[in-house]
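Participant: Quick check, what structure comes out for this input:
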Amino acid sequence: KKALKPGDIAIKIPESLLITKEKVLESSSFAEMMKENKMPEYWMLALFLVEQYAMTQEKPESCEYAPYIRSLPDETGNVLEWSGREVGDFLKGSPMERMAYQMINDVKTAIQSILKMSKGHPNASYISEARLRWAFSLLLSRVVRLTSKDRKLALIPWADMLNHIPQVRSYIDWDDKENAVTFRPDRDYKAGDEVFVSYGPRPSGDLLLTYGFVPSTASDPEIEKVDIRLVLDGYDPYAGVKKAALQKYGLDSAWTFPLQLNRYPAGLIEYASFLAFRPNSDEEVEYYAKLLFGETEQRSIPRDLNLAGRDLIKQECFNALSRYRGTVEDDRLYLEEQEVIAQESIMSQDKRPAAAAAVRLRERAILRKTRDVIDKTGNFIQDLLRRNPVLDLFN
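Facilitator: Take a look at the predicted model:
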């Protein structure tokens, strides 16, 4: 209702209104059951939401959070509401597919555990599988970890309704000076403007699974990433020795690296080089493990190892690209038909197929560029890295 300048307090939520583990254990009728079963914090918050929902329906005057509970949506659009078929159709071949199934299965396990724990409780009738799934879906899209308050998990009524855009760099967090959770914008807003918050520098796939939306293609491409997983060849005659050497330096025989459009993650080349090289003795394995992973001020990878590692990464990019369903052109044409490529607005959950197509395009753009650049050196690589990264997303 009024104009805001950078640094102004746009929202201020006192600690007494936060829904935290401490609040749950203080006021929930399930508190003793939670303590006896050593229930994880996340599960506690989900069960408390279900309890508050039931109380809002039955006796709202006794429910402190009734106005907030009534304001919560029935659906969020995030992956916990997707069917298995939707996950397979939308994310086939993407590293997000495996993550999506894992998230869904983790919540299924949590729900069954909570139902079992609460059996026989006086208020067990409050709880159902559907209502718990609703609660976990809301938590996934709304819970905040307050970094300035010992990374405490919290639901922050009303403040959690602010929307995200990638261009914003200001967060909701605990403010010691105000003794409350606050949000201070990083830009000017005129009276009547929608105020935006940052959910963090999260890639499109993460936003789709967690919140059910994907930013438009005008978002910051530097945030985008796709995971690539490198695995030690089990047929390598020195696989056992290599595995032991990796473990010595805190690594495993399979490791996941987040590729980005214009940079390689730390340790990628070293790890790939170690997997790819062909030693002649156990001692040689130990020597190169120390060379590649040991403490040093400046690391220099021998040329033959470096090239072997880059070849391995290039091949894995080919492999990763082959796992996607359809082609880049199919996804690009689909987005053009849906008229979303040039939009500045956020793609909403009712355009889930288009949002997933955008995620696939962005992931494949990174994989293709890495594939084409990884074995190049000198000015060629610098020229490629200087190209317009937004155009690369659809080239």
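Participant: need the strands for the stretch 101-250 of the chain, in chain order.
Facilitator: Secondary structure of the stretch 101-250 of the chain (DSSP state E, counting those that start in this stretch): strands at 144-146, 152-154, 163-164, 172-175, 180-183, 196-197, 225-231.
Participant: As a markdown table, those strands with mean neighbour count would be great.
Facilitator: Backbone N, C-alpha and C define where each C-beta goes, glycine included. Converted to a markdown table, those look like this (neighbours: other C-beta atoms under 10 Å):
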| stretch | mean neighbour count |
| --- | --- |
| strand 144-146 | 17 |
| strand 152-154 | 20 |
| strand 163-164 | 15 |
| strand 172-175 | 19 |
| strand 180-183 | 20 |
| strand 196-197 | 20 |
| strand 225-231 | 19 |
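Participant: Only C-alpha atoms, please: export stretch 141-151 in PDB.
Facilitator: Extracted as PDB, the C-alpha positions of stretch 141-151 are listed here (Å, rounded to 0.1, in the frame of the first residue of the first chain):
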ATOM      1  CA  SER A 141       7.300 -25.100  -1.000                       C
ATOM      2  CA  ARG A 142       7.200 -22.800   2.100                       C
ATOM      3  CA  VAL A 143       9.500 -23.900   4.900                       C
ATOM      4  CA  VAL A 144      12.500 -21.600   5.400                       C
ATOM      5  CA  ARG A 145      15.900 -22.300   7.000                       C
ATOM      6  CA  LEU A 146      16.700 -19.200   9.000                       C
ATOM      7  CA  THR A 147      20.500 -18.900   8.400                       C
ATOM      8  CA  SER A 148      20.900 -16.100  10.900                       C
ATOM      9  CA  LYS A 149      19.200 -18.100  13.600                       C
ATOM     10  CA  ASP A 150      21.200 -21.300  13.800                       C
ATOM     11  CA  ARG A 151      19.700 -22.500  10.500                       C
END
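Participant: List the contacts of that stretch.
Facilitator: 42, 45, 76, 78, 152-156, 160, 172-176, 181, 210-212 (C-beta atoms under 8 Å, 6 or more residues apart in numbering).
Participant: give me that answer again for 6 Å
Facilitator: With contacts defined as C-beta atoms under 6 Å, 6 or more residues apart in numbering, stretch 141-151 is touched by Thr76, Asn78, Lys152, Leu153, Ala154, Leu155, Ile156, Asp160, Ile172, Asp173, Trp174, Tyr211.
Participant: so which of the strands of the stretch 101-250 of the chain comes closest to Gln102?
Facilitator: Nearest to Gln102 among the strands of the stretch 101-250 of the chain is strand 225-231 (12.8 Å), distances taken as C-beta to C-beta.
Participant: Packing partners of the closest one?
Facilitator: strand 254-260 (3 or more C-beta pairs under 6 Å, 6 or more residues apart in numbering; DSSP states H and E).
Participant: List the buried residues of the strand it packs on.
Facilitator: Within strand 254-260, the residues that qualify as buried are Trp255, Phe257, Pro258, Leu259, Gln260, counting by 16 or more other C-beta atoms under 10 Å.
Participant: which one of the residues you listed is nearest Ser216?
Facilitator: For the buried residues of strand 254-260, the residue nearest Ser216 by C-beta to C-beta is Gln260; the value is 19.1 Å.
Participant: which residue sits closest to that closest one, ignoring its sequence neighbours?
Facilitator: Take Gln260 and drop its neighbours on the chain: the residue closest to it by C-beta to C-beta, 6 or more residues apart in numbering is Lys225, 5.0 Å away.
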